[in-house]
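Visitor: Pasting the sequence and the predicted model now:
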Amino acid sequence: MPERRGREYHMQRLAEALRDEIGAILEGELADPRIGLATVSEVQLAPDGRSGRVFVAVAGDEKEARETMAGIESAKGFIRHELGERLQLRHVPELHFLLDQSEEYGARIDQLLDRVKKRRL
């Protein structure tokens, strides 16, 4: 059991390091004009560490979000290479970039709750 906890802790640390490094790469090292203001909100690694989902929040409208995600997808190989060098990883996880829409969902829920409160008054 202690080995499992150590592995889980390692995966959490690796996910945090990946989030920080991918965020730094997106902020200043990609010259693709399609990539707008994007931040990495979360990295979820598979239990075996071979793949991971990277949730990216994009400022702007839906068109800007699509263009930014297309730019990030095209730079995926560069990002993986940079992560391998910076974090000195023998095997860099296969990354799947997904648009993080949790902020929009939260705003919609707040809107619905406000509507319910007004009806009760």
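Guide: The structure has been received and is ready for your questions. Numbering: from 1, shown residues only.

Visitor: CA atoms for contacts and neighbours, from now on please.
Guide: Will do.

Visitor: if I pick Ala38, what's in contact with it?
Guide: If you count contacts by Cα atoms under 8 Å, 6 or more residues apart in numbering, Ala38 has them with 26-27, 56-59, 68.

Visitor: Please repeat the previous calculation with a cut-off of 10 Å.
Guide: 23, 26-27, 56-60, 65, 68-69, 72, 99 (Cα atoms under 10 Å, 6 or more residues apart in numbering).

Visitor: and the lowest-mean-pLDDT helix or strand in the chain, what does it pack onto?
Guide: One helix or strand of the chain scores below all others by mean pLDDT, DSSP states H and E: helix 102-120, with a mean of 79. Judged by 3 or more Cα pairs under 10 Å, 6 or more residues apart in numbering; DSSP states H and E, helix 102-120 is in contact with strand 51-58.

Visitor: returning to that earlier point: buried subset of the contacts of Ala38, written for ChimeraX?
Guide: Buried members of these, defined by 16 or more other Cα atoms under 10 Å, are picked up in ChimeraX with:
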select :23,26,27,56,57,58,65,68,69,72,99
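
Visitor: which pair in the contacts of Ala38 spans the largest distance?
Guide: Within the contacts of Ala38, Gly23 and Gly60 form the most distant pair, 17.4 Å apart (Cα to Cα).

Visitor: could the contacts of Ala38 go into a markdown table alongside distance to Ala17 and pLDDT?
Guide: As requested, the contacts of Ala38 are exported to a markdown table (distance: Cα to Cα, whole Å; pLDDT from 0 to 100):
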| residue | distance to Ala17 | pLDDT |
| --- | --- | --- |
| Gly23 | 10 | 94 |
| Leu26 | 14 | 92 |
| Glu27 | 15 | 89 |
| Val56 | 15 | 95 |
| Ala57 | 18 | 92 |
| Val58 | 20 | 91 |
| Ala59 | 23 | 87 |
| Gly60 | 26 | 84 |
| Ala65 | 24 | 90 |
| Thr68 | 22 | 93 |
| Met69 | 21 | 94 |
| Ile72 | 18 | 95 |
| Leu99 | 20 | 93 |
